[in-house]
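Trainee: please work out how this folds:
(2 chains)
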Amino acid sequence: MAAGQQQQSPLGVIFQTIKQAQEEDGAKNELEAHQRYLSAVQYISVLLQQQIQIQNSSSLSPQKTLQLFTMAKHCLEQAEALYNTSVKENRRLKGKPPLLSSVSLPSVPVPSPTLPGRESPVASGCGRGTGRGRGGGGPLRSNSFGLNTGPSGTHPNAPRSSSVGQKKPPTVKALHTISPMEAARRENMHLMVQYQTALRNNPNMSIRGSQNLSLNYLRRLEENLSLARQTEKSMANKLRQREIRLQEEAQKLKVRSIDSLTAEQLREEVIQFENGKAKFNGLKQALSSDNCDNTTNLVVNLIHEVLNTTDHPLRRLFGESQYNIIQILQPVVREIERSGCTDLPKLNITQIQKDCTDPSPSSSLHEQRESPKVHSRPHSVSAPEDIKLAQVRTQAPGHFENTSPVMSPSSTGSSSNAEEIEERVEDEDLKTMPDFKTIRQDDDDDDDDDEFETLKANQDEEGLSTMKSERGRDEETEEEDEVIFPSLLPLSCTPLFGDKDKIESLALKFEGLLEETVKLIHSALKKIITSFVSIYTSLSSRDNYDICKTAIESLFFPAILPMLTSLYRCSKYAKECSVAVNMMKHVNSTPKDIAVRKKYWLNDQAMPPYLAAIEQLKSLPRLQCPSLKLDCLVTLSKVIVQTIDDYYFTGHFSFSSSSSSCSEKEINKEDISVGVDDLLPIMTYIIIRSGMPQLVSESAMLQEFVDENYLMGEEGFCLTTFDTALRYVEVMSSS
Amino acid sequence: MAARTGGGGSLQVKVVLLGEGCVGKTSIVLRYVQNQFNDKHIQTLQASFLQKNLTINRRRLCLNIWDTAGQERYHALGPIYYRDSHAAIVVYDITDEDSFTKAKNWVRELRKMLGDSCVLVIVGNKSDLEKNKVIQEKDAQEYAASVGAKHFYTSAKQNKGIEEMFLDLSKRLLEKEGNNSNPSSTNPSSTRRPGGITVTDDSIRTDRPSGGGGGGGGGCCG
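Mentor: Here you go, the predicted model:
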């Protein structure tokens, strides 16, 4: 150990630094000199700082202090002068601050590693913190600049040939907010200075005395540190607790699963949330006071208001439940979609031209293309819709056949049809082109539904709106032919079943999942409704409860029903296929074929009997809520009865010139009482004509989600009748 | 939403109507509910599904009368109709031996499906055709007793025996309800009082609101 250097006081260090700086300056070593001067200023300022902090320090007299100030000024002036000259020459000093880092920092002004045993206990006790307190020399904190490769890192007694280039140490401004550990470190540093001073002032102290002194200081250092550690720990604890509390609050507001709340908690939250919100209070008051027949609206309003308020706890419960279900359904539906099995089986029902009775789609296409009759219909110029329909009729079967099972654009089908069209367009109305294009585009899309809809729409439109004129034309131009209205033309039905194995394996895979999802939906709905009823007590009356339940369900289902339907369709695939096959076989059935009693055939009209009911049924899959679907079925049954009633008693359809049935119409009203014996076959006929195998899934879903209370009444009856007819379609023989 | 049945604290029961197509079961119900045929505002579902509200001895009862299909081809699907029924009316034609056999089949099936919990009535319709009767009263009564049912003669044409049959059925349903609590009961507080029975034929709501959200509470039984 180099004892001479070890004993150097801070003042000595400063003097030496200044001396070195002057030397460097003289040697034109401007950079070094500049740095040294600055270091000296820093040392001085540190020493002066200590002087203020340690009141009882006796190391410096006032005179010395003043001297230090002068020295510092002088050093600064020198440094400034050097800087100015160097800036003029080049911008090295300014431009390359990293250069400074190559110069090691001294660990002074505490070059006092003589403290016996200081290295081991303190360093091991406080780890890095103490190391910094020791080596960094307090406010300088050389470590924080990553420069600890100098004397502080290797050996505290290394030659302090280097100088400090740092600007103001960052700790200064942090004085007000220093951590307990930092404070302790500083205090320790001052203790070290004191210790050194004590040692220096008593160079002749006995070994024992110096040991005592060392131990004394060591103890104080340790005490400081452990105290600081404790304070820091408790502070950290407090901080953590605060954080947890904040997090809890945040969760309470946003993140925490509202689903996990108890009814009582939820109730409290709602009360808290609604507190002071006039609209809720108003509604609640109106509900509790009002017993007029306006209650229905009030209940619905309240529910809509609550579920439209984004932050309302009940709305969150609602959204969360919905989200959970969607989370389950979404991947399933994606998988079904990926396998290309969505919306299958499906029937593409198209009307066949009356002159091609061959049931085979391909041959019908063939015949049509070669048949001159089709191409040279005299009235076609004046009837764009007619052409459109005819084209669809010819095109669709071939197209479907080529691309079955899963639809994709078929080049042969399309091109041949395109040729056909060009042919036609040449001698026919150009206005037909856009129409056809629309249909073609639908073809090219993989979206079967759209196409199906288009076809259907055309068909229906044709059937309803152009029926009369069409008939007139037919009679004029094709007198020898039997009068057949477009909607009574035979239908061609092409089923799409998709990849049977694939779908069935998917169905097997999702078997349990469907059940689980259904259970989840039930429990979610139950929870939401129960919460509503328990929070708004006025909803607990039976009627209000029902209204509330219906309103909530009608808001709950639309988001999940399409996905749920996909899952249902997948799991009911086999049944749907049977239904589809039977629908296809009986596509041209009349009520007579389904063994409807003769008085309900209603077949003297210009359109298929019970068309209104068929249309009613077709709207079923589009409805997004079980209760609406149930209503649809009730309406369906009523439409059937109404149709019969109209047929016999109001003469609503009496425009038909055919009077052959007039004698049949001489029927006593007493005889027209539609019991299930009649309703079921009619329903069967309507289901077949609808061509929608997915009704199987719709029915299954309805039976699952229709309120038990409905099952006994009219709604339940209509659903049961519908389901029975559907089951009959599933099993009916081909005879 | 269409009005929910079951409001107003009345007891909701499901009654199925069984019988071959030609026995006139729908006529019986129409007679009972409508009491006349030429009422234009007949319930829109006509004879397929009918509701009748009664107040018997201060207890309200709502009969949901479900017609069922008599045809053989729908026979296998029958159970869907009569599951959860509280009562069944099995109708046969007194002039038709075959219809009586069919009725027996239905009774057997009902008992199998619903056990003894179902209130059973066997009705011999077309009692106005007494002279063509082929099913003797004694046989019919004996059979009814053997299956725990009551036997009635009705004539839809002459409107005879129908009220009595339904009244008896309703009373038995209420009695049953008094003994074992029926899950469909919405008025558990009401108790059966001894004394004379008063029957009020509550007016029926002919047209129910269809479509639209909410719907009117109370429904037919309000």
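Trainee: closest point of chain A to chain B, which residue?
Mentor: Closest approach of chain A to chain B (C-beta to the nearest C-beta) occurs at A:Asp543, with a separation of 2.8 Å. Where you see a C-beta, it was placed from the backbone N, CA and C, and this is true even at glycine.
Trainee: secondary structure element holding that residue?
Mentor: According to DSSP states H and E, A:Asp543 maps onto helix A:542-571.
Trainee: does chain B sit close to the helix or strand following that helix?
Mentor: The C-terminal neighbour of helix A:542-571 among helices and strands, as given by DSSP H and E, is helix A:573-585. No. In terms of C-beta under 8 Å from any C-beta of the partner chain, no part of helix A:573-585 sits within range of chain B; the closest distance is 13.4 Å.
Trainee: hmm, B:Leu18 is touching B:Tyr92, no?
Mentor: No. The pair B:Leu18 / B:Tyr92 is not scored as a contact, 9.6 Å apart, by C-beta atoms under 8 Å.
Trainee: which neighbours do those two share?
Mentor: Applying C-beta atoms under 8 Å, 6 or more residues apart in numbering or on different chains, one finds that B:Leu18 and B:Tyr92 are jointly contacted by B:Ala103.
Trainee: all strands of chain B, in order?
Mentor: B:11-19, B:49-56, B:59-67, B:87-93, B:119-125, B:150-153, B:199-201 (DSSP state E).
Trainee: can I get the ones you listed in JSON lines with mean neighbour count and distance to A:Arg229?
Mentor: Rendered in JSON lines, the data for those read as follows (neighbours: other C-beta atoms under 10 Å in any protein chain shown; distance: least, C-beta to C-beta, whole Å):
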{"stretch": "strand B:11-19", "mean neighbour count": "25", "distance to A:Arg229": "75"}
{"stretch": "strand B:49-56", "mean neighbour count": "21", "distance to A:Arg229": "83"}
{"stretch": "strand B:59-67", "mean neighbour count": "25", "distance to A:Arg229": "80"}
{"stretch": "strand B:87-93", "mean neighbour count": "26", "distance to A:Arg229": "84"}
{"stretch": "strand B:119-125", "mean neighbour count": "26", "distance to A:Arg229": "85"}
{"stretch": "strand B:150-153", "mean neighbour count": "19", "distance to A:Arg229": "93"}
{"stretch": "strand B:199-201", "mean neighbour count": "12", "distance to A:Arg229": "88"}
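Trainee: mean pLDDT for the ones you listed: which is lowest?
Mentor: Ranked by mean pLDDT, these end with strand B:199-201 at the bottom, a mean of 63.
Trainee: flag the shaky bits of chain B, pLDDT-wise.
Mentor: Residues of chain B that meet the criterion pLDDT under 70 lie in B:1-8, B:35-46, B:179-222.
Trainee: my guess is the residue of chain A closest to chain B contacts A:Lys549, does it?
Mentor: No. Counting by C-beta under 8 Å, A:Lys549 is not a contact partner of A:Asp543; they are 10.8 Å apart.
Trainee: A:Thr17 against A:Val41, yeah?
Mentor: No. Counting by C-beta under 8 Å, A:Thr17 stays clear of A:Val41, with 9.4 Å between them.
Trainee: compare those two (neighbour count), which wins?
Mentor: Using other C-beta atoms under 10 Å in any protein chain shown, the more surrounded residue of A:Thr17 and A:Val41 is A:Thr17, with 27 against 23.
Trainee: re earlier: turn the strands of chain B into CSV, including distance to A:Ala278.
Mentor: Below are the strands of chain B laid out as CSV (distance: least, C-beta to C-beta, whole Å):
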stretch, distance to A:Ala278
strand B:11-19, 40
strand B:49-56, 42
strand B:59-67, 41
strand B:87-93, 52
strand B:119-125, 54
strand B:150-153, 62
strand B:199-201, 46
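Trainee: any idea which helix or strand carries A:Val587?
Mentor: Secondary structure assigned from DSSP H and E places A:Val587 in neither a helix nor a strand.
Trainee: from A:Phe717, how far off is it?
Mentor: The spacing between A:Val587 and A:Phe717, counted by C-beta to C-beta, to the nearest Å, is 28 Å.
Trainee: tell me which of those two has more neighbours.
Mentor: Set A:Val587 next to A:Phe717 and count neighbours by other C-beta under 10 Å: A:Phe717 wins out with 28 against 19.
Trainee: and the closest residue to the more buried one other than its chain neighbours, what are its bridge partners?
Mentor: Across the structure, with C-beta to C-beta, 6 or more residues apart in numbering or on different chains as the measure, the residue nearest A:Phe717 apart from its sequence neighbours is B:Phe49 (4.1 Å). Each beta-bridge partner of B:Phe49 is listed here: B:Trp66, as defined by DSSP bridges.
Trainee: same deal with B:Arg59?
Mentor: Per DSSP bridges, residues listed as beta-bridge partners of B:Arg59: B:Ile56.
Trainee: name the spans of chain A whose pLDDT lies under the cut-off.
Mentor: A:1-8, A:54-60, A:87-178, A:250-259, A:290-293, A:351-489, A:604-606, A:651-671, A:734-735.
Trainee: packing partners of the longest helix seen in it?
Mentor: Residue-count comparison of every helix in chain A, with assignments taken from DSSP state H, identifies helix A:207-250 as the longest. In terms of contacts (3 or more C-beta pairs under 8 Å, 6 or more residues apart in numbering or on different chains; DSSP states H and E), helix A:207-250 is packed against helix A:119-126, helix A:180-201.
Trainee: in JSON lines: those, plus distance to A:Glu553.
Mentor: What follows is the helices and strands packed on helix A:207-250, written out as JSON lines (distance: least, C-beta to C-beta, whole Å):
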{"stretch": "helix A:119-126", "distance to A:Glu553": "66"}
{"stretch": "helix A:180-201", "distance to A:Glu553": "60"}
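Trainee: OK, contacts around A:Leu539?
Mentor: Taking C-beta under 8 Å, 6+ apart as the test, what A:Leu539 contacts is A:287, A:299, A:302, A:532-533, A:545, A:548.
Trainee: mind listing what's buried in stretch A:32-49?
Mentor: A:32-47 (16 or more other C-beta atoms under 10 Å in any protein chain shown).
Trainee: returning to that earlier point: among the helices and strands packed on helix A:207-250, which is the most enclosed?
Mentor: Of those, the one with the most neighbours on average (mean count of other C-beta atoms under 10 Å in any protein chain shown) is helix A:180-201, at a mean of 20.
Trainee: against which helices or strands is that helix packed?
Mentor: helix A:30-53, helix A:128-135, helix A:207-250.
Trainee: how about these in a markdown table, adding distance to A:Lys572?
Mentor: As requested, the helices and strands packed on helix A:180-201 are arranged in a markdown table below (distance: least, C-beta to C-beta, whole Å):
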| stretch | distance to A:Lys572 |
| --- | --- |
| helix A:30-53 | 85 |
| helix A:128-135 | 68 |
| helix A:207-250 | 45 |
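Trainee: show me where the stretch 251-400 of chain A has strands.
Mentor: Per DSSP state E, counting those that start in this stretch, the stretch 251-400 of chain A carries strands over the ranges A:346-351.
Trainee: helices along that one, start to end?
Mentor: Using DSSP state H, counting those that start in this stretch, the helices found in the stretch 251-400 of chain A span residues A:263-274, A:278-289, A:295-308, A:313-338, A:361-370, A:372-375, A:384-403.
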